[in-house]
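S.K.: Provided below are the primary sequence and the corresponding predicted coordinates.
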Amino acid sequence: MPATAQQIDLTIPVLQTERLVLRAPQSSDFDAIATFYADADRSWGFGGPQNRNEAWRWFASLLGHWALRGFGFWMVDTREGQTVGMVGLWEPEGWPEPELGWVMFANGEGKGYAFEAAMAVRDHAYRNMGFRTLSSNIFPGNQRSVALAERMGAWKEREYQNVTHGTEMVYRHPGPEAVA
């Protein structure tokens, strides 16, 4: 290895809840991501729709984000092994702070999985990663995400101009001292 090369540790912890396993993205997850992004009605609140090539680039950036920031999105599986969505921490270049984000695939909606997984990620971020604050950026009109953020105790703090997506609402989560 050249002297200037840097070793990258891509150790992604596995998180478990009563019904779910949150794990590292794997190449076998790509079709679920591409299907999600191809559906304009489902993906608009997550930067979609995107074609397969664009979806692949976003999917590959999931691992790059873990390598560069030390955190990122987990794939969400049921205990039976069915992949139902993605939940994680995200802070691309130009964003004001790390975000707690979520998306459920069609087979994972309406079952409380997003709440369960997002609570596990928030707890992990506060207890194990040293985060002191978290927000969730939500597109105006995404009432399901607003309802989830509010169910988690978050409140609308402000709007801001996201460098990628335009106007988004920032929902502030209670800090670690409030959720311990």
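M.R.: Structure received.
S.K.: count of neighbours near Ser135?
M.R.: Neighbour count for Ser135, taken as other Cβ atoms under 10 Å: 23. Where you see a C-beta, it was placed from the backbone N, CA and C, and this is true even at glycine.
S.K.: report pLDDT for Ala5.
M.R.: Ala5 carries a pLDDT score of 55 in this model.
S.K.: and stretch 10-18, end to end?
M.R.: Separation of the first and last residues of stretch 10-18 by Cα to Cα, to the nearest Å is 26 Å.
S.K.: quick check: buried residues in the longest helix seen in the chain?
M.R.: Criterion DSSP state H: the longest helix present in the chain is helix 52-69. Buried positions in helix 52-69, judged by neighbour count with 16 or more other Cβ atoms under 10 Å: Ala55, Trp58, Phe59, Leu62, Leu63, His65, Trp66.
S.K.: and the gap between the fourth one and Arg127?
M.R.: For Leu62, the distance to Arg127 equals 23 Å [Cβ to Cβ, to the nearest Å].
S.K.: again with the second one
M.R.: For Trp58, the distance to Arg127 (Cβ to Cβ) stands at 29 Å.
S.K.: now find how far off-centre stretch 172-180 is within its chain.
M.R.: 18 Å (Cα atoms, centre = their mean, to the nearest Å).
S.K.: where does the chain have its least confident helix or strand?
M.R.: helix 40-43 (a mean of 82; mean pLDDT, DSSP states H and E).
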